[in-house]
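> take this sequence and fold it.
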Amino acid sequence: MVQSMQIQFCALIILLLICYYSFKRQSVILESMWIYRQLVLVTTLCVIADLCSIDAIINAPKIEAAIFCKIYLLFVIWTSYLSFNYICYDIVKLRKQKRLRRIFFAATFILSIIPFMLPIYCINKDNEVYSYGPAVIYTFIVAPLYIIGSIIMILFFNKQMNPYRSHAAMLWMVLETAGATIQLFNRELLLVSLSMALGITILFAKMENPDSGIDRNLGIYRIQMLYEYIKQLFDNNKLDQSFIIINNEDMEKTIVSEDLLLEISNYLKKLSNDKVFRGISNDLIVAFPDDGTLDKKMIEIKKRFEAGWSDNQFPNPHFISVPSLKLFKNIAEFGMAYRYYSNIVSESHDDFFVIDKEAILNMENYRSMQNEIKAALSEERFEIFLQPIYSVQEQKFVSAEALVRLRSSDGSIIMPNKFIPIAEMSGQIEQIGEKVFELVCKLIHDHDITSIGLQYIEVNLSVVQCENPDLAPKFFRIMHRYGIDAKKINLEITESGAIKQNDILLENMEYLRKYGCSFSLDDFGTGESNLNYILNMPVDIVKFDRTMVNAYFKSEKARIMFEAVTEMIKRLGMQIVAEGVEEQPQLEKLSRLGIDYIQGYYFSKPIPVSECLDFVRRNNSSTSKI
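Numbering: from 1, shown residues only. Next comes the predicted model:
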């Protein structure tokens, strides 16, 4: 009996330690933790009641001993029920069945009272101390039913449970069953309490340690806890919650920045009782009730950042405001919005952004177009239109620019301004660029463009393609596959100023130039393009953007600049294409100025390949000059 009492005390010590570590952190977020706390508390009381009942059987009158024994039986039933409830909570379908859970609770309450109405007897002889009788038989029928129910739930709903929790819970059930079985056949070994304590410990170690969700460096919740918390809010339909996301993408991941993050985290924790999380990378996220204080908190936090931190550090984060969870359909949409707008604000000049209904709609349009692009790539729904380019000197069309179009599933055409920006953000632009290049190679292979006067077809390159070391070999393989002359392709480099890896670009250009391709600098006069790129890049043609061309006809300063740049480029031995020409006087004036090629609606808008080839054939064979 002394040995059994020692085992009981060991179980009690284990449970008391688990209670301490479970209850020491005040701001427990997840409901599963609350259920686990209830289970730990009741299991601890069950072990204490077991010890008290043993002591009462040995030292107290029979009536008093019977009462203590029945109290113990009550806790056995409640411990079994809370074990069952804990497992059911992790099953998505049952978690939402609050009415069913209330029925189980009420049923357990009634079942736990019944032992007090049944007789119970106590034995204390030959080192055996135990109770028996109808009350005990009843309890050890009801309690195993909950355990059996728990095992069935784990087996049948395993895929809907957290795999770590289902494994820990199954091990826990096995321990309790083994302990009860051993005690049933050897009454001197009171192992039920120890097996329950070990099961509770396994759950604590694997799933319910409140410190496991804490970032060790900053002492705030990790991003996994954020998603668990939001998931719980959606499950319980408690969506009156606001968030402030502090996007620190620009901060370097060094010891210094980690110290700064720690200082900021400590400030945010002291700001109020709000919950603070570490998000993606160095992001910090503050969650608090949607009580109308969002703007006030945002102003306060921004002022604190403006005041600076220790070591004279002044980070410039981007702030994202989420007024309410009601904006989102589910946790997946919240997570997508967080990632989507974190990427956007980190690349913008604005330091503040609000995720509102319009922002969600824009994101949904982005997702829809992203899926459309993916489907179009797999279903071969990208095609090219051609816009002819006129040679002033030869007075005929000598080339054409290939412009990509997306044919939607309903047959309509989607213009590049609708899908190119999204393709650039999503990383699909490189696949589209490769597809366009292949379509141009196929066009040159299928049609004798030289016979109608076309010397080459222009193909645009994206920034991502230019920075890909495999671009030149990849294009070489495609041209070789279609057996075309590389001289019939001119590659246009766009937004050159955005290219960060110029060395890779220059290597690609040199490789393809040796093979026979020529290059144009597109959109000169806008964005990042400037004279340095003309001087540093081996381009053959410079294309003046339509805005630069239009400015030439409207502004004296623009005219002077335009003529000076034209003269310089011509003296460098390069040719010039003027884009966006729409009127006869523009054509005549640009021709007199020495512009080599004209492209624009004056001749033709971008049209399907067959129409463009017919247009060029018709006009180039005409005896009258345009």
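
> low pLDDT regions in the stretch 401-550 of the chain?
Residue ranges of the stretch 401-550 of the chain with pLDDT under 70: 495-501, 525-532.

> let me see the ranges of the strands in it.
413-414, 456-461, 489-493, 518-524, 541-544 (DSSP state E, counting those that start in this stretch).

> residues in contact with the fourth one?
So the one you mean is strand 518-524. If you take Cβ atoms under 8 Å, 6 or more residues apart in numbering as the criterion, strand 518-524 is touched by 456, 458, 460, 487, 489-496, 509, 512-513, 529, 533-534, 537-545, 548, 577. Glycine gets a C-beta too; all of them are placed from N, C-alpha and C.

> tilt between it and strand 456-461?
Calculated by axes from the mean of the first three to the mean of the last three Cα atoms, to 10 degrees, strand 518-524 forms an angle of 60 degrees with strand 456-461.

> any idea of the angle strand 518-524 forms with strand 489-493?
40 degrees.

> got the buried residues for stretch 81-99?
Residues of stretch 81-99 classed as buried under the neighbour-count rule (16 or more other Cβ atoms under 10 Å) are 81-91, 94-95.

> want to throw the residues you listed into TSV with secondary structure?
Formatted as TSV, the buried residues of stretch 81-99 follow (DSSP: H, G, I helix; E, B strand; the rest coil):
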residue	secondary structure
Tyr81	helix
Leu82	helix
Ser83	helix
Phe84	helix
Asn85	helix
Tyr86	helix
Ile87	helix
Cys88	helix
Tyr89	helix
Asp90	coil
Ile91	coil
Leu94	helix
Arg95	helix
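
> ok, and the closest non-adjacent residue to Cys466?
Leu505 (4.5 Å; Cβ to Cβ, 6 or more residues apart in numbering).

> please verify my assumption that the one you found contacts Gln465.
No. Leu505 is beyond contact range of Gln465, at 9.4 Å (criterion: Cβ atoms under 8 Å).

> where does pLDDT dip in the stretch 151-300 of the chain?
Ranges of the stretch 151-300 of the chain meeting pLDDT under 70: 183-190, 249-256, 272-273.

> which parts of it are strands?
In the stretch 151-300 of the chain, the segments counted as strands under DSSP E, counting those that start in this stretch are 241-247, 275-278, 284-289.

> by contact count, what packs against the shortest one?
The criterion is 3 or more Cβ pairs under 8 Å, 6 or more residues apart in numbering; DSSP states H and E, and the helices and strands that strand 275-278 contacts are helix 223-235, helix 255-271, strand 284-289.

> go through those and pick out the most buried.
Neighbour counts (mean count of other Cβ atoms under 10 Å) averaged over each of the helices and strands packed on strand 275-278 peak at strand 284-289, with a mean of 20.

> so what does it touch, helix or strand wise?
helix 223-235, strand 241-247, helix 255-271, strand 275-278, helix 294-307.

> okay, that strand in CSV with CA atoms only?
In CSV, the C-alpha atoms belonging to strand 284-289 read as follows (Å, rounded to 0.1, in the frame of the first residue of the first chain):
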residue,chain,number,x,y,z
LEU,A,284,5.2,42.5,-36.1
ILE,A,285,1.4,42.1,-35.8
VAL,A,286,-0.8,43.5,-33.1
ALA,A,287,-4.3,42.0,-32.5
PHE,A,288,-6.9,43.7,-30.4
PRO,A,289,-10.8,44.0,-30.2
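
> what does it rub up against?
Contacts for strand 284-289 (Cβ under 8 Å, 6+ apart): 220, 226, 229, 240-246, 248, 261, 264-265, 268, 271-272, 274-279, 297, 301.

> please apply the same query to stretch 138-153.
73, 76-77, 79-81, 83-84, 87-88, 91, 94, 111, 114-115, 118, 169-170, 173, 176-177, 180.

> just the buried ones from the contacts of strand 518-524?
456, 458, 460, 489-496, 509, 512-513, 529, 533-534, 539, 541-545, 548, 577.

> roughly how far apart are Glu306 and Phe319?
From Glu306 across to Phe319, the span is 12 Å (Cβ to Cβ, to the nearest Å).

> the more surrounded of these two?
Using other Cβ atoms under 10 Å as the criterion, Glu306 and Phe319 rank with Phe319 on top: 18 against 9.

> assign a three-state SS to that one, would you?
Under three-state DSSP, Phe319 comes out as strand.

> tally of neighbours for Phe615?
18.

> ugh, wrong one, I meant Ala486
Other residues close to Ala486 by other Cβ under 10 Å number 19.

> got the contact list for it?
Applying Cβ under 8 Å, 6+ apart, the residues contacting Ala486 are Met479, Leu512, Tyr515, Gly516, Cys517.

> just to revisit the earlier point, which of the contacts of strand 284-289 are buried?
By 16+ other Cβ under 10 Å, these give 220, 226, 229, 241-246, 248, 261, 264-265, 268, 274-279, 297, 301 as buried.

> once you drop chain neighbours, what's closest to Glu383?
Using Cβ to Cβ, 6+ apart, the closest residue to Glu383 is Arg405 (5.4 Å).

> does the one you found really touch Lys418, like I thought?
No. Using Cβ under 8 Å, Arg405 is not in contact with Lys418, being 10.3 Å away.

> could the buried residues of stretch 81-99 go into JSON lines alongside distance to Phe385?
Compiled in JSON lines, these are given as follows (distance: Cβ to Cβ, whole Å):
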{"residue": "Tyr81", "distance to Phe385": "70"}
{"residue": "Leu82", "distance to Phe385": "68"}
{"residue": "Ser83", "distance to Phe385": "67"}
{"residue": "Phe84", "distance to Phe385": "66"}
{"residue": "Asn85", "distance to Phe385": "64"}
{"residue": "Tyr86", "distance to Phe385": "62"}
{"residue": "Ile87", "distance to Phe385": "61"}
{"residue": "Cys88", "distance to Phe385": "60"}
{"residue": "Tyr89", "distance to Phe385": "58"}
{"residue": "Asp90", "distance to Phe385": "55"}
{"residue": "Ile91", "distance to Phe385": "55"}
{"residue": "Leu94", "distance to Phe385": "56"}
{"residue": "Arg95", "distance to Phe385": "54"}
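
> out of those, who's nearest Asp291?
Using Cβ to Cβ, Arg95 comes nearest to Asp291 of the buried residues of stretch 81-99, at 26.7 Å.

> so what pLDDT did the closest one get?
Looking at Arg95, its pLDDT reads 62.

> swap in Trp34?
For Trp34, pLDDT reads 82.

> how about Asp470, phi and psi?
phi -90, psi 10 (degrees, to the nearest 10).

> what about it, distance to Met363?
32 Å.

> quick one: which of these two has more around it?
Using other Cβ under 10 Å, the more surrounded residue of Asp470 and Met363 is Met363, with 18 against 11.
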